[in-house]
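Sequence and predicted model, in that order:
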Amino acid sequence: MKRILIAALMLASSLAYAQKAPKNIILMIGDGMGYNSVALRMLEAKGTSNFERFNSIGSVKTYSAGGRITDSGAGGTAYAIGEKTYNGAIGVDTNKQSKPNLMEIAQKNKLATGIVVTCALTHATPASFSAHQVKRDMYEAIAGDIINSNVDLLVGGGMKYFAKRKDGRNLIDEAKTKGYSIYTDTTSYFSSDAKKAMVVVADDHLKPANKERGNYLAPATLKTVELLKKENKNGFVMMVEGSQIDWAEHNNDAEYLKTELADFDKTIGAVLDFAQKDGNTLVIVLADHDTGGVTLPPAEVNSLSEEYGNYAIKFSTGAHCGTLIPVFAYGPGAEKFQGIYQNSDVFHKIMQLKKWGK
Ligand SMILES: [Zn+2]
């Protein structure tokens with residue numbers, strides 16, 4: 001009897017585990033967002049940060065192939081194709097061979113796909129999920145790949161790489177023949193019912209959060225979630241990037257950094273609200289690497305003082321760092337993202353959860 005009970009319990013728990021496969025995956029990348037940038041956001045938010053809503057936390061080792069500090073090309077590509085590669089690579093392995101990315105694999109499995117960023121769509125992180133090129137600065141070639149990527153909804157900047165090209169091609173016209181609706185402002189996208197759309201709202205990158213970008217990332221992400229969910233009963237895979245956290249850190253600009261982190265945090269909150277209601281969505285928030293080496297030392301050190309006053313925001317470099325990077329996960333399968341592992345393992349964990357072969 002006891003043995004039957006144990007067998008029944010094991011069956012029940014394996015069924016419970018089997019039911020845990022997420023239908024939708026939302027991968028959120030804060031470019032350059034290391035542990036101390038997250039800590040800064042939590043201090044600034046005074047207990048209201050959405051980062052504190054996660055309870056599955058892990059860390060990733062982000063170095064690129066060869067043991068170097070990663071750039072955004074190799075970092076994004078590790079998440080997109082599940083392999084560490086050389087710096088500057090876009091969706092290709094160390095032999096410069098194209099490997100199927102998460103979006104292509106999702107499409108093969110009949111899911112909808114989307115990308116929402118605050119930079120040009122051709123920039124390293126979004127390009128890693130929608131193109132295959134040997135060098136990240138081949139923006140026009142990357143744009144050519146993007147219109148053939150079949151990613152259902154693409155939201156970001158970079159119009160000049162599609163419509164004002166050296167080779168004279170107009171990829172916006174070509175994208176229309178491939179079934180894309182084109183929007184050049186978010187207002188018309190927000191009122192649309194688009195199934196396949198390119199929303200290209202800036203000539204190059206979008207403005208910084210503290211300079212006229214306005215409320216863009218959270219509503220653009222939510223609209224894209226809404227359309228992808230409506231479009232495809234099998235679910236969707238989406239990549240959202242807070243692209244300019246990295247640039248604020250490269251510039252060692254604390255005010256810029258604070259507003260970019262607040263904007264990304266707000267977007268995380270909107271996504272978590274959706275995921276909580278939906279119940280079938282796995283949300284993974286991480287970064288490709290640390291930038292700027294942010295530290296939060298005391299603003300004033302007074303040997304007579306018994307307590308520290310405020311913290312200062314200091315940068316130790318204008319470049320990328322080799323530090324561990326936090327991973328926050330919520331939803332079905334979130335526990336799989338606990339522990340310390342390689343950046344490229346994130347891809348394989350998603351593949352296992354979705355039971356996808358490469
Ligand atoms: Zn980066």
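Perfect, I can see it now.

Only C-alpha atoms from now on, for both contacts and neighbour counts.
Fine.

Identify the neighbouring strands of the longest strand belonging to the chain in the sheet and state each direction.
Across the chain, the longest stretch assigned as strand under DSSP state E is strand 112-120. According to DSSP bridges, strand 112-120 forms sheet pairs with strand 153-157 (parallel), strand 236-242 (parallel).

Need the mean per-residue confidence for the longest one.
For strand 236-242, the per-residue pLDDT values average out at 98.

For that strand, C-alpha coordinates in CSV please.
C-alpha atoms of strand 236-242 as CSV (Å, rounded to 0.1, in the frame of the first residue of the first chain):
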residue,chain,number,x,y,z
PHE,A,236,5.0,33.2,-28.4
VAL,A,237,8.6,33.9,-27.8
MET,A,238,9.7,37.5,-27.4
MET,A,239,12.9,39.5,-26.7
VAL,A,240,12.7,42.9,-25.0
GLU,A,241,15.8,45.0,-24.5
GLY,A,242,16.5,48.0,-22.3
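
contact partners of that strand?
If you take Cα atoms under 8 Å, 6 or more residues apart in numbering as the criterion, strand 236-242 is touched by 23-31, 102-103, 106, 111-118, 125-126, 217, 221, 228-229, 260-261, 263-264.

Also within reach of the ion: list those from those residues.
residue 31 (Cα under 5 Å from the ion).

What about the contacts of strand 236-242, which are in strands?
24-30, 112-118.

Of those residues, which is the most crowded?
Neighbour tally across the ones in strands among the contacts of strand 236-242 (other Cα atoms under 10 Å): the maximum, 30 neighbours, falls on residue 113.

List the residues that contact that one.
The contact partners of residue 113, by Cα under 8 Å, 6+ apart, come to 103, 106-107, 151-153, 228, 236-238.

cutoff 7 Å now
Residue 113 sits next to 103, 151-153, 236-238 when contact means Cα atoms under 7 Å, 6 or more residues apart in numbering.

Show me the shaky parts of the stretch 51-200 of the chain.
Along the stretch 51-200 of the chain, no part satisfies pLDDT under 70.

Spell out which residues of it are next to the ion.
Checking the stretch 51-200 of the chain against the ion by Cα under 5 Å from the ion, the hits are residue 72.

can you give me the strands for the stretch 51-200 of the chain?
Under the criterion DSSP state E, counting those that start in this stretch, the stretch 51-200 of the chain contains strands at 56-61, 112-120, 153-157, 181-183, 197-200.
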